[in-house]
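**Student:** based on what follows, work out the 3D shape:
(chains A, B, C and D)
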Number of protein chains: 2
Amino acid sequence: MSSVPGWANVDERRNLPPALAVSTVILGIREGKDGGPDKLCLPVVRRIRQPHTGMWALPGGPVDPRESLGQAAGRNLDETTGLRPTYLEQLYTFGDIDRSPTHRLVTIAYFALLNADQVGATVQDDNVAWFDIDDPQIAQMAFDHREILDYAMWRLRNKTEYGQIAHRLLGERFTLAALRGVYEAILGRRLDPANFRRTLKSTASIEETDEYLAGGQHRPPRLYRYVGHGPDPLEVDPLHD
Amino acid sequence: MSSVPGWANVDERRNLPPALAVSTVILGIREGKDGGPDKLCLPVVRRIRQPHTGMWALPGGPVDPRESLGQAAGRNLDETTGLRPTYLEQLYTFGDIDRSPTHRLVTIAYFALLNADQVGATVQDDNVAWFDIDDPQIAQMAFDHREILDYAMWRLRNKTEYGQIAHRLLGERFTLAALRGVYEAILGRRLDPANFRRTLKSTASIEETDEYLAGGQHRPPRLYRYVGHGPDPLEVDPLHD
DNA sequence: GAGCGTTAATGTCAGAATGACTCTAACGAA
DNA sequence: TTCGTTAGAGTCATTCTGACATTAACGCTC
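**Tutor:** So this is what the prediction gives:
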């Protein structure tokens, strides 16, 4: 383990308090190419400092003493990518001793969702890029960020209540086919359209509107709306679910 | 907000890095009194320092720079209560600005389980006590610890895989009735013994032994064993579930 | 030892939920 | 008008679930 300019060396850092940071996995959905299934995608930032210079990393940064953890996640996200997601939830805190080669770093990981028209709309910057979730270019990431991403996907797939999550990846109104695309992207398998319709119609959180999506080549699909509980909080607090 | 001896005052602490601590919700199970349902219970410690002096709090303490977060939780647990649980899992990180009246405090909450013969076996100390989960004496706790406890219960109830959790609250071998008692204590309602048996027999993680529990007044029940995946890790890492 | 009370363990049955599939409706394009 | 495609409703067999009945095996009492 080598000493890096600007950082305390190994012996010194043992007595420093751990640095506190937040990182965020931000997922959006993008239509599948030529009839393929929809894909989850995310923005990542290129590291311009030591360690892991040049590698892709999750957006994030230090926690200011005057802000809460959720606020820190939202602010860092805005500053590095210009994104303001509609959903933000705490994932897990990573604090292994050697997860950063240069100093002791404790990172609170967050999980965010973007609706369709925010996907791709980051600041113009060569150091920010979007990748599909299975793109080989992010098979390796800085620090343990690839593990954080895998954990986020695991959590997403094991959510019991999808209604909330699916509707935040789409807009205010959506077709059942679009919603099914979201489910298929998350679960990684095709779903029967008829059965999907039946089960979703039996859940109370989605209701049909009187509008139809015009302009398509075939029978126009009805638009649906998510009727969740209450307004959209910036941070979903699991204490009050 | 008053200045407390030994702590930085409000203006000063705004520029200090947040203090990092761990706290643990440790649950065990205890047989119901006179035929009643089994009860979940936990040890708590009395605060002997500012703030919230005299109130009950979750066991915990600061994170040492040389240990991982899980190690910090286990060590603090052992030092304050003498307990070494068979299961330890990270819950959530609490970091609101005003959760401590005296300083900025970020707490990583952990969740632990004890098997039956560890319940009540804490160090001899007037400042450690065991309470049933619904005991009015812990309706209020120091800091936001009551919210942490409520969140731990919510998480426990919403676990999809109970086999692992239930068996760690019992010993190596257990009867189906005892296992049902655990489920009933967690879910807070009675379960049909016949249906409970059926569903559990269909899960692969529990297998029957050739032994029976002797000494009872009625037909001796068969003993079962949990056949989990691999050895017991001190810290369950959700990345590799 | 026979009968009784209690718990262990198995069996049955109806209704709900689920997956695979068919059928009809409504659009644009040819 | 016909055709291809997607929207949306319906059918049916299988599985899952909750409620309840039945049999087995102990200790206890008489």
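**Student:** kindly report the residues of chain A close to DNA strand D.
**Tutor:** A:175-177, A:193-195, A:197-198, A:201, A:212, A:217-222 (Cβ under 7 Å from any atom of the strand). Heads up, the C-betas are built off the backbone N, CA and C, glycines and all.
**Student:** among these, name the ones in helices.
**Tutor:** A:176-177, A:193-195, A:197-198, A:201 (DSSP state H).
**Student:** reformat those as a markdown table; add pLDDT.
**Tutor:** Formatted as a markdown table, these follow (pLDDT from 0 to 100):
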| residue | pLDDT |
| --- | --- |
| A:176 | 93 |
| A:177 | 93 |
| A:193 | 94 |
| A:194 | 94 |
| A:195 | 95 |
| A:197 | 93 |
| A:198 | 93 |
| A:201 | 88 |
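**Student:** quick one, which of these are buried?
**Tutor:** Neighbour counting over those (16 or more other Cβ atoms under 10 Å in any protein chain shown) leaves residue A:176 as the buried ones.
**Student:** okay if I get the ones in helices among the residues of chain A next to DNA strand D as CSV plus distance to DNA strand C?
**Tutor:** Shown next, in CSV, are those (distance: Cβ to the nearest atom of the strand, whole Å):
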residue, distance to DNA strand C
A:176, 14
A:177, 13
A:193, 8
A:194, 3
A:195, 5
A:197, 9
A:198, 7
A:201, 11
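**Student:** Throw the ones in helices among the residues of chain A next to DNA strand D into JSON lines and include distance to residue B:76, thanks.
**Tutor:** As requested, those are arranged in JSON lines below (distance: Cβ to Cβ, whole Å):
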{"residue": "A:176", "distance to residue B:76": "50"}
{"residue": "A:177", "distance to residue B:76": "52"}
{"residue": "A:193", "distance to residue B:76": "53"}
{"residue": "A:194", "distance to residue B:76": "54"}
{"residue": "A:195", "distance to residue B:76": "50"}
{"residue": "A:197", "distance to residue B:76": "52"}
{"residue": "A:198", "distance to residue B:76": "51"}
{"residue": "A:201", "distance to residue B:76": "50"}
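**Student:** closest to chain B out of the ones in helices among the residues of chain A next to DNA strand D?
**Tutor:** residue A:195 (21.7 Å; Cβ to the nearest Cβ).
**Student:** list the beta-bridge partners for the closest residue to residue A:221 other than its chain neighbours.
**Tutor:** Residue nearest to residue A:221 in three dimensions, not counting chain neighbours: residue A:175, with 4.2 Å by Cβ to Cβ, 6 or more residues apart in numbering or on different chains. With DSSP bridges applied, residue A:175 shows beta-bridge pairing to residue A:223.
**Student:** how near is residue A:52 to chain B?
**Tutor:** Noted for residue A:52: a distance of 19 Å to chain B, by Cβ to the nearest Cβ, to the nearest Å.
**Student:** contacting residues around the spatially closest residue to that residue that is not a sequence neighbour?
**Tutor:** Excluding the flanking residues, the one nearest residue A:52 by Cβ to Cβ, 6+ apart is residue A:142, at 3.7 Å. For residue A:142, the contact set (Cβ atoms under 8 Å, 6 or more residues apart in numbering or on different chains) comprises A:47, A:51-52, A:55-57.
**Student:** so which of those sit within strands?
**Tutor:** A:56-57 (DSSP state E).
**Student:** scan the contacts of residue A:142 and report the most crowded one.
**Tutor:** residue A:56 (22 neighbours; other Cβ atoms under 10 Å in any protein chain shown).
**Student:** so that one touches residue A:45, yeah?
**Tutor:** Yes - if you go by Cβ atoms under 8 Å, residue A:56 and residue A:45 touch, sitting 7.2 Å apart.
**Student:** returning to what we had before: how about the ones in helices among the residues of chain A next to DNA strand D in CSV, adding distance to chain B?
**Tutor:** Shown next, in CSV, are these (distance: Cβ to the nearest Cβ, whole Å):
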residue, distance to chain B
A:176, 27
A:177, 29
A:193, 27
A:194, 27
A:195, 22
A:197, 25
A:198, 23
A:201, 25
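**Student:** helix or strand: which one has the spatially most central residue of chain A?
**Tutor:** The centroid of chain A falls nearest to residue A:26 when counting by Cα atoms, centre = their mean (2.2 Å). Assigned by DSSP states H and E, residue A:26 belongs to strand A:19-30.
**Student:** all set now, cheers.
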